[in-house]
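Q: Prediction below, plus the sequence it came from.
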Amino acid sequence: MSIATEQRGFFITIEGPEGAGKSTLAGAIEKYLVSRGRECIRTREPGGTPLAEQLRGVLKHHQSSEKLHTATELLLMEAARVQHVEELIRPALERGVCVICDRFYDSTCAYQGGGRDVDMKVIDWLNDYAVNGCHPDLTFLLDLPVESGFKRTGKRVETMGKFDRFENEDVAFHHKVRSAFLELAERESGRIKVIDADRSREEISQCVEKIIDEYLFKIS
Ligand code: TMP
């Protein structure tokens with residue numbers, strides 16, 4: 001884990017399933033950091049630059065008789081990440097701007113590793129290669145039971161097909177994703193903080209602000 005300093009911006013990532021409230025939390029974190037005198041940008045993965053957003057379109061919505069293979073999906077995620085890190089994230093951090101990112105490389109471990117069963121060693125290597133030393137200082141994992149996530153996104157059997165390639169995956173896939181996220185959080189407990197997403201926005205924000213104070217501003 002890299003340690004944030006006064007000179008560079010903090011790099012905060014938010015992870016979790018669809019419907020867990022990642023965007024709402026990103027907004028709350030931005031408001032809090034701005035109130036503490038920090039400049040912030042909010043971004044997302046896959047995406048965050050024009051080229052990476054094009055790759056996001058393919059990754060989420062590819063539909064054709066030509067199958068998008070698991071390895072292609074993984075490599076496109078990583079390609080989008082390189083663009084995002086080099087064009088947006090690293091320059092911002094170096095200017096002292098805080099970056100709040102909706103998903104980052106832990107999603108690759110959870111979705112491609114957990115969900116699609118890609119060898120975690122391959123993913124770890126590719127993640128490291130793609131970010132080239134640009135690691136999050138702090139990651140919030142919004143944890144939610146799979147069934148609650150489905151309810152929140154309005155996913156029903158009868159609405160299958162209206163969602164993106166990942167949302168359209170079945171319950172078993174999403175259980176594997178959740179387990180992989182939780183395993184990661186256990187392995188990297190210094191960086192990844194698990195937040196019970198089944199609470200009010202206010203409770204979640206308060207808990208997250210306390211963690212930011214302790215880990216980034218070093219106030220306890
Ligand atoms: P979202 O922005 O609506 O969460 O959609 C992004 C989707 O991409 C989400 O279902 C998770 C998936 N994803 C991966 O499978 N691997 C990754 O590395 C990233 C960043 C996202």
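A: Alright, I've got the coordinates.
Q: Near A79, how many other residues are there?
A: Using other C-beta atoms under 10 Å, A79 is surrounded by 15 other residues. The C-beta positions use only the backbone N, C-alpha and C, and glycine is treated the same way.
Q: which secondary structure element contains it?
A: Assigned by DSSP states H and E, A79 belongs to helix 70-84.
Q: In this model L75 seems to touch V118, though I could be wrong.
A: No: counting by C-beta atoms under 8 Å, V118 stays clear of L75, with 10.7 Å between them.
Q: Of the two, which one has the most company?
A: A direct count of neighbours by other C-beta under 10 Å for V118 and L75 places V118 higher, at 19 against 14.
Q: Wait, a strand at the more buried one?
A: No: V118: not assigned to a strand; according to DSSP: H, G, I helix; E, B strand; the rest coil it is coil.
Q: what's it sitting at in phi/psi?
A: Backbone torsions of V118, given as degrees, to the nearest 10, read phi -70, psi 140.
Q: which residue packs closest to it, ignoring adjacent ones?
A: Ranked by C-beta to C-beta, 6 or more residues apart in numbering and with sequence neighbours excluded, the top spatial neighbour of V118 is Q112, at 4.7 Å.
Q: before we move on, back to that, can you give the distance from the helix holding A79 to the centre of its chain?
A: Put simply, helix 70-84 sits 14 Å off its chain's centre (C-alpha atoms, centre = their mean, to the nearest Å).
Q: What's the mean pLDDT across that helix?
A: Taken as a whole, helix 70-84 has an average pLDDT of 98.
Q: Show me what it is packed against.
A: Here helix 70-84 touches helix 50-61, helix 120-131, going by 3 or more C-beta pairs under 8 Å, 6 or more residues apart in numbering; DSSP states H and E.
Q: Alpha carbons of the first one, in PDB - could you do that?
A: Output in PDB follows, covering the C-alpha atoms of helix 50-61 (Å, rounded to 0.1, in the frame of the first residue of the first chain):
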ATOM      1  CA  PRO A  50     -12.500   9.100 -24.000                       C
ATOM      2  CA  LEU A  51     -10.700   6.000 -25.200                       C
ATOM      3  CA  ALA A  52     -11.400   4.100 -22.000                       C
ATOM      4  CA  GLU A  53     -15.000   5.100 -22.200                       C
ATOM      5  CA  GLN A  54     -15.200   3.500 -25.700                       C
ATOM      6  CA  LEU A  55     -13.800   0.300 -24.300                       C
ATOM      7  CA  ARG A  56     -16.400   0.500 -21.500                       C
ATOM      8  CA  GLY A  57     -19.100   0.500 -24.100                       C
ATOM      9  CA  VAL A  58     -17.700  -2.700 -25.600                       C
ATOM     10  CA  LEU A  59     -17.100  -4.400 -22.200                       C
ATOM     11  CA  LYS A  60     -20.600  -3.600 -21.000                       C
ATOM     12  CA  HIS A  61     -22.700  -3.900 -24.100                       C
END
